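**Q** dropping a prediction and its sequence here:
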Amino acid sequence: MACVLAGYPAVASGALGGPLAALGTFAALSLAVGIAGRWPFFVQTGFSLLLAQYAAYLLEHGDVDGRAPLYAAGLLVAAELGYAALEPPATRRAFARGAVLLAAAAAAAAALGVLLLGAAAASGGSLAEEVLGVGAAAATIALVARLTWSARSR
């Protein structure tokens, strides 16, 4: 999954294809070393490099990337699997539950991304208004998550 995430910006890029490919390769190698050695620092470094690579691609691209929700969902799945590989093996039941939750989280991330892209495309507001709107949406999601968490712990 991480290799696909690393390959997309490099292949879709124009002039930055070579440097983005090198950055993606370094990210994938860092992830492989981190998972093989069970070193969280290298896993985090790999995912940070993937994000930096995608950010550089978006800056070069200069336009909204319609595949951003898929990239976000793929990054979420790759990160969960990468960090799960560092933990002791789970029971079959816990594995199945985690897989269902991961699939639901990835679908929700993609759906939220599509919703935000649609809202951005539909509005004709300035960049400041867009940033304010995305911040408000993120704050709302954080508040709902916090309320859900406190209700579950009671």
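**A** Structure's in. What do you need?
**Q** in this structure, which spans are helices?
**A** 2-12, 17-37, 40-61, 68-84, 92-122, 127-152 (DSSP state H).
**Q** please identify the buried residues of the second one?
**A** If I follow you right, that is helix 17-37. Within helix 17-37, the residues that count as buried by 16 or more other Cβ atoms under 10 Å are 20-21, 23-28, 30-32, 34-35. For glycine as for every other residue, the C-beta is placed from the backbone atoms N, C-alpha and C.
**Q** what does that helix contact?
**A** The contact list for helix 17-37 (Cβ atoms under 8 Å, 6 or more residues apart in numbering) reads 2-3, 5-7, 9-11, 13, 39-47, 49-50, 52-53, 56-57, 82, 85-86.
**Q** over to the fourth one?
**A** Applying Cβ under 8 Å, 6+ apart, the external contacts of helix 68-84 come out as 1-2, 4-5, 8, 31, 34-35, 40, 43, 46-47, 50-51, 54, 58, 65, 90, 98, 102, 105-107, 109-114, 117.
**Q** which of those are buried?
**A** For the contacts of helix 68-84, buried by 16+ other Cβ under 10 Å: 2, 5, 8, 31, 34-35, 43, 46-47, 50, 54, 65, 106, 109-110, 112-113, 117.
**Q** and residue 119, how far from residue 21?
**A** The gap separating residue 119 from residue 21 is 33 Å, by Cβ to Cβ, to the nearest Å.
**Q** my bad, residue 48
**A** 17 Å.
**Q** so what's residue 47 up against?
**A** Residue 47 touches 27, 31, 75, 78-79, 82, counting by Cβ under 8 Å, 6+ apart.
**Q** pretty sure residue 43 sits against residue 86.
**A** Yes. Counting by Cβ atoms under 8 Å, residue 86 is a contact partner of residue 43 at 6.7 Å.
**Q** just to revisit the earlier point, in CSV: the helices of the chain, plus mean pLDDT.
**A** Formatted as CSV, the helices of the chain follow (pLDDT from 0 to 100):
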stretch, mean pLDDT
helix 2-12, 91
helix 17-37, 94
helix 40-61, 91
helix 68-84, 90
helix 92-122, 81
helix 127-152, 68
